[in-house]
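**Q** Provide a 3D model corresponding to the input given below.
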Amino acid sequence: MELAIISDKTNGFQLEEFNLYDYDLSNIAIVIRLRYISLDMNVLKRFTNFIGNYTIVSFFILLTVLLGLLVVSRQIKHENQTKHINTSESISKSVELYKVGKFPYIKVQAQIDKAGVVTVVAQTGGVVQKIYVNEGQAVKRGNWLAGLSSNYQGASAQTVSRQLAQKQYENFEATYNDQKDLLKKQKDIANLADENSDELAEINKKSIEGTKDLISYNEEILAQLDQIIDATGDLTMQMSRAQFKASLENAKSGLRQLEYQTDKNNPPSKLSELQKDATIEQINVQEKALDLNHEILKLQLDLAKIQESLLYPASPFTGVVQQVFIKKGQLVSPGTPIATILGDSSDITATAYVSKNTAKNVSATSPSIISLDNDSFEVLPSFVSNEATRGTLYSILYDIPEQYNAILGNKEFVMVKVPLGYANDTGNSEGVYIPIDAIHNTQDGAYVLLIGDDCIAKSKKIELGPLYGEFAYIYSGLANDESVIMNRNVVEGDKVVSEDGVGICVK
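**A** Next comes the predicted model:
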């Protein structure tokens, strides 16, 4: 908008030039220029008086002018729309087509995992007393990376516990064999005591026969004495007979005791056997307890050594130190990174996490495409999990070729194009996959647009299935080799041509 004031006169202003609009639309320039307009204040005054005197008439005049302008505006708009429609009907829209039957790929991220790269972390809390390695230093399996302590003075409770356990084990180890020999001797004593009891029983058995013979002989003598006493009535003989008879009764009593003790079915014989068995079992229990204590003390020593070793984080394999994360005097807690080690192993895997439906429909015959910065390569999945491995997601594993070891970093993410299965490798001969962008949804259902023989876009109803990334599974309505329109600005009835050179309707 331009406004130039040339001069200021009495009773009004002289306007030299006034540019109101300069607007360009469809190569039509509307330029409104007001040039050298003289505005007389007397005319303006007379016009104002007229409006004041004839208000109603002025209102209707203005209303008539506005209605006229509205009618003219609608007529111009209608003519422009008609012209636009006629122009659209004569121009075909260039569209992108997707041919049904192409292998669909979904894009997912996969994380690189190098088997030879490990970040060693602290497994116990402590104060860093010494750092044994530097960046770039070669280490072997078991080499210490750092030394920790329980306090800033360098004392270690784990070391004291290990020394205590070691002393206990060494003391027990020094007397272990002697205690084993002592138990063995006690067992031998129990066996010998039982054997002695058996020998005494055999001796008593042999004595029984002699005692029986002696008793029988004494009974004959006693019978003869009775006859002499009956015949003579000698008092001395009667006293001898009484003494002799008492001795005979003692012999019979001894015989009965011998028979009782030597009988295996009687308690004395059983008691001896039970005493031997009980003694042997008791010694066996003591021997087992001795062996158990020996093992427990050894395990306690091993445990103390393990706890002490936590103060000295070590390299898990032979490799090169890539980075040291700690400094001397630093207080670390479990999980604090100590150092990163790069080993000799060249095994690399990439893991992608996908939904259950995607995992079940991953193609078993077509390779996935892994994209790098300036390169890409194809690789078949080495494993697809049958169960969720991260929340509700399933994992797809890829073995990465060795030549990409130097390019890929540990824990780096790469883009993977995963192919979904089709009838020729999944056994499903009905459904197909198409991009989601090609699907239109209405209240009556889903449909796609195809190119008819007359190069006019036509709709076709489909039965929509589950979604897989940027693709949707179609149960029915489409067949292989059909081409669907991808453009969202096309409606049914539009004249279209293929920008891909597919079909009869091409540019």
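**Q** how close does the residue in the chain sticking out farthest from the centre get to residue 238?
**A** For the chain, the largest distance from the centre (CA atoms, centre = their mean) belongs to residue 232, which lies 118.7 Å off. Using CB to CB, to the nearest Å, we find residue 232 at a distance of 10 Å from residue 238. In this view, the C-beta of every residue, glycine as well, is placed from N, C-alpha and C.
**Q** tell me where the stretch 401-507 of the chain has helices.
**A** Along the stretch 401-507 of the chain, the stretches classed as helices by DSSP state H, counting those that start in this stretch are 423-426.
**Q** tell me the domain boundaries of the protein?
**A** 2-90, 94-102+429-498, 106-122+331-423, 157-307 (automatic domain parsing).
**Q** mind checking how far the longest one is from the chain centre?
**A** Going by CA atoms, centre = their mean, to the nearest Å, the spacing between the C-alpha centre of domain 157-307 and its chain's C-alpha centre is 68 Å.
**Q** same question, the second one
**A** Taking the mean C-alpha point of domain 94-102+429-498 and that of its whole chain, the gap between them comes to 39 Å (CA atoms, centre = their mean).
**Q** pLDDT on that domain, on average?
**A** For domain 94-102+429-498, mean pLDDT rounds to 85.
**Q** likewise for stretch 125-137?
**A** 95.
**Q** do stretch 69-82 as well
**A** 70.
**Q** tell me the spacing between the residue farthest from the centre of the chain and residue 243.
**A** 18 Å.
**Q** determine the number of other residues adjacent to residue 353.
**A** 20 (other CB atoms under 10 Å).
**Q** just the pLDDT for it.
**A** On the pLDDT scale, residue 353 gets 94.
**Q** nearest residue to residue 179 other than its sequence neighbours?
**A** Distances taken as CB to CB, 6 or more residues apart in numbering place residue 290 nearest to residue 179, at 5.6 Å, with adjacent residues excluded.
**Q** sorry, wrong one. I was asking about residue 103.
**A** Closest to residue 103 by CB to CB, 6+ apart is residue 419, at 5.2 Å.
**Q** that neighbour touches residue 364, doesn't it?
**A** No - if you go by CB atoms under 8 Å, residue 419 and residue 364 don't touch, sitting 9.6 Å apart.
**Q** helix or strand next in line after the helix or strand hosting residue 70, which one?
**A** Using DSSP states H and E, the element containing residue 70 is helix 55-90. The element immediately downstream of helix 55-90 (helix or strand, assigned by DSSP H and E) is strand 93-95.
**Q** show me the beta-bridge partners of the closest residue to residue 316 other than its chain neighbours.
**A** Leaving out its chain neighbours, the residue that sits closest to residue 316 by CB to CB, 6+ apart is residue 118, at 5.8 Å. Note on residue 118: beta-bridge partners residue 341, judged by DSSP bridges.
**Q** does residue 306 lie in a helix or a strand, and which?
**A** Per DSSP H and E: helix 267-309 holds residue 306.
**Q** shouldn't residue 250 be within a strand?
**A** No - per DSSP: H, G, I helix; E, B strand; the rest coil, residue 250 lies outside any strand segment and is helix.
**Q** now do it against residue 243, distance only.
**A** 11 Å.
**Q** ok, now which ones touch residue 411?
**A** Contacts for residue 411 (CB atoms under 8 Å, 6 or more residues apart in numbering) come out as 111, 112, 113.
**Q** ok, now with 10 Å
**A** 111, 112, 113, 114, 117, 119 (CB atoms under 10 Å, 6 or more residues apart in numbering).
**Q** and the residue nearest to residue 179, what does it touch?
**A** So residue 290 contacts 172, 175, 176, 179, 180, 182, 183 (CB under 10 Å, 6+ apart).
**Q** which of those has the most neighbours?
**A** Going by other CB under 10 Å, residue 183 tops the contacts of residue 290 with 18 neighbours.
**Q** got the phi/psi numbers for that residue?
**A** phi -70, psi -40 (degrees, to the nearest 10).
**Q** my guess is it contacts residue 287. True?
**A** Yes - look at residue 183 against residue 287 with CB atoms under 10 Å: they come within range, at 5.0 Å.
**Q** coming back round to it: you'd agree the residue nearest to residue 103 is up against residue 104?
**A** Yes - with contact defined as CB under 10 Å, residue 419 reaches residue 104; the gap is 7.1 Å.
**Q** what do those two both touch?
**A** 361, 363, 433.
**Q** now, among the residues you listed, which is nearest to residue 442?
**A** residue 433 (21.4 Å; CB to CB).
**Q** before we move on, back to that, the helix holding residue 306: what's the following helix or strand?
**A** strand 319-324.
**Q** show me the contact partners of that next one.
**A** 116-120, 131-141, 143, 145-146, 315, 337-345, 410.
**Q** show me what the one helix or strand residue 98 maps to is packed against.
**A** Secondary structure assigned from DSSP H and E places residue 98 in strand 97-99. Applying 3 or more CB pairs under 10 Å, 6 or more residues apart in numbering; DSSP states H and E, one finds that strand 97-99 contacts strand 432-435, strand 445-451, strand 483-485.
**Q** where does the stretch 101-250 of the chain dip in pLDDT?
**A** 102, 198, 201, 204-206, 210, 233-234, 244 (pLDDT under 70).
**Q** just the strands in it please.
**A** For the stretch 101-250 of the chain, the strands defined by DSSP state E, counting those that start in this stretch occupy 105-114, 117-121, 126-131, 138-139, 146-149.
**Q** need the CA coordinates for the last one. PDB is fine.
**A** I take that to be strand 146-149. The C-alpha trace of strand 146-149 is given here as PDB (Å, rounded to 0.1, in the frame of the first residue of the first chain):
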ATOM      1  CA  ALA A 146      41.700 -52.100  40.500                       C
ATOM      2  CA  GLY A 147      41.900 -52.700  44.200                       C
ATOM      3  CA  LEU A 148      39.200 -51.600  46.800                       C
ATOM      4  CA  SER A 149      39.200 -51.400  50.600                       C
END
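**Q** quick check: which helices or strands does it pack against?
**A** strand 126-131, helix 157-232, strand 331-332, strand 337-343.
**Q** quick one on the thing from earlier: direction included, what does the strand holding residue 98 pair up with?
**A** Strand pairing (DSSP bridges) places strand 97-99 next to strand 483-485 (antiparallel).
**Q** outside of the strand it pairs with, which residues touch it?
**A** By CB under 10 Å, 6+ apart, strand 483-485 touches 93, 95-101, 434-435, 437-440, 447-451, 457-460, 462, 474, 478, 494, 496, 498, 500, 502-503.
**Q** rewinding a little: which residues does the residue nearest to residue 103 bridge with?
**A** residue 105.
**Q** show me the contacts for it.
**A** 103-106, 361-369, 378, 380-381, 425, 433.
**Q** select only the buried ones of these in PyMOL?
**A** Provided next is the PyMOL selection string for whichever of the contacts of residue 419 are buried by 16 or more other CB atoms under 10 Å:
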select buried, resi 104+105+106+361+362+363+366+368+369+381+433
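**Q** can you say which of the contacts of strand 483-485 are buried?
**A** So, by 16+ other CB under 10 Å, the buried ones in those are 93, 95-98, 100-101, 434-435, 437-440, 447-451, 457-458, 462, 474, 478, 494, 496, 498.
**Q** these two touch, right, residue 372 and residue 407?
**A** Yes - counting by CB under 10 Å, residue 372 touches residue 407, with 6.2 Å between them.
**Q** what is in contact with these two at once?
**A** With CB under 10 Å, 6+ apart, residue 372 and residue 407 have common neighbours residue 414.
**Q** now stretch 184-203: buried residues?
**A** 186, 187, 190, 194, 197, 201.
**Q** over to stretch 340-351?
**A** Quick answer for stretch 340-351 (16+ other CB under 10 Å): 340, 341, 342, 343, 348, 349, 350, 351.
**Q** isn't the last one up against residue 110?
**A** Yes - assessed by CB under 10 Å, residue 351 is found in contact with residue 110 at 5.8 Å.
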